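[1] sequence and predicted structure are below.
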Amino acid sequence: MTQTEVSQADSSLLASFPNYLDAQRLVDRMSDDGFPVESVRIIGDGVRTVEQVTGRMTRARAAATGAASGAWFGVFIGVLFGLFTAGQTWAWFVFISLAVGAFWGAVFGFVAHWSTRGRRDFASTMTLQARRYEVHVDRERAAEAAKYVL
């Protein structure tokens, strides 16, 4: 028997909600009142992935996105090298690293998108969602926790 199976077998369903925020509010209210929330679990049932398309991905947008991430990486490298320099030389390290990082990020972003040959011409974000969220509490605390459900 796995740990999850043991936890669910030894727990009691306190409440079920259509969204996570409502389940979170219940547990937060319990915590605010001093209930030992270590015995509480929020279980997502019917979990699925949801991909939200955020826009069309063109070669120019791929290059711009690559340039932005490359610039951040360049700044990071520039700051690291700049720590070991004296005077205002560190600012040049940061600026040059930012420019080089942005350039190579744009090149790699463009080439990566171009190499797909149109098989994925959109940008998106991926999230996990559940059909419902159940708040479970250990059986020993079930009677005490029941007062929090309206």
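    Thanks, I have the structure now. On a predicted model such as this, the values are computed, not experimentally measured, just so you know. Numbers count the residues shown, from 1 in each chain.
[2] can you list the weak-confidence ranges in this structure?
    Applying pLDDT under 70 to the chain picks out residues 1-9, 150.
[3] can you give me the strands in it?
    For the chain, the strands defined by DSSP state E occupy 11-17, 40-45, 48-56, 122-129, 132-138.
[4] tell me how far the third one lies from the chain's centre.
    The one in question is strand 48-56. On the basis of Cα atoms, centre = their mean, to the nearest Å, strand 48-56 sits 14 Å off its chain's mean C-alpha point.
[5] likewise the first one?
    The gap between the average C-alpha position of strand 11-17 and the chain average comes to 26 Å, counting by Cα atoms, centre = their mean.
[6] so which bits of it are buried?
    Residues of strand 11-17 classed as buried: 11, 14-15, 17 (neighbour count, 16 or more other Cβ atoms under 10 Å). (Each C-beta comes from the backbone N, C-alpha and C, glycine too.)
[7] quick one: which two of those are the most distant?
    Spatially, the most separated pair among the buried residues of strand 11-17 is Ser11 and Phe17, at 16.2 Å (Cβ to Cβ).
[8] of the strands of the chain, which approaches Gly34 most closely?
    Closest among the strands of the chain, once you apply Cβ to Cβ, is strand 40-45, at 12.9 Å.
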